[in-house]
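> sharing a model that was predicted from the sequence below.
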Amino acid sequence: MGYISLDQARTIIAAALAHGGQLGLKPLSVAVLDSGSHLIAFERQDGSSTLRAQIATGKAAGALALGLSSRRIGEMAAERPSFVASLGTIAPAGLIPAAGGVIVVDEAGRAIGAVGVTGDTSDNDELCALAGIAAAKLKAQNA
């Protein structure tokens, strides 16, 4: 399959939020994008702070734009801060250099979309994104 369906996106979101609940995390927001960085689905839990839709989308869209997880983009920002900072002005859906944005790939390793999670620590956000992807029986990129 070369895309993430709406049903799969809903599964990703439900599983990511459930995983956050099991871990006792702060309110989360989850965005699922297609390979062109278009929003498929988004949900935020009660009590989520403002800008969470933009942050979740920015984590996922930034990952797709650079072909790297948002965790890796954060590492890149530490190595080359001016370069990563300059990307914000040209990234239409944003670019958030912190873990929580994970690319979803097909069997051949091609990007079919991405998941962005925000609301708790970046490490926990990423754990929830990975749990959602696995629940939808999809594969996360290894980067």
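Received the coordinates, thanks.
> so residue 41 touches residue 32, yeah?
Yes. Contact criterion C-beta atoms under 8 Å: residue 41 and residue 32 qualify, at 4.9 Å. The C-beta positions use only the backbone N, C-alpha and C, and glycine is treated the same way.
> identify the contacts common to the two.
9, 12, 13 (C-beta atoms under 8 Å, 6 or more residues apart in numbering).
> ok, residue 41 and residue 32, which is more surrounded?
Neighbours per residue (other C-beta atoms under 10 Å) separate residue 41 from residue 32, with residue 32 holding more: 31 against 17.
> separation between residue 129 and residue 85?
24 Å (C-beta to C-beta, to the nearest Å).
> which of those two has more neighbours?
residue 129 (35 against 12).
> what's in contact with the longest helix anywhere in the chain?
Longest helix in the chain by number of residues (criterion: DSSP state H): helix 6-23. The set of residues external to helix 6-23 that reach it, using C-beta under 8 Å, 6+ apart, is 4, 28, 30, 32, 40-43, 45, 115, 117, 119-120, 124, 127-129, 131-136, 138.
> generate a ChimeraX selection restricted to the buried subset of those residues.
Per 16 or more other C-beta atoms under 10 Å, the buried members of the contacts of helix 6-23 correspond to this ChimeraX selection:
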select :4,28,30,32,40,41,42,43,45,115,117,119,120,124,127,128,129,131,132,133,135,136,138
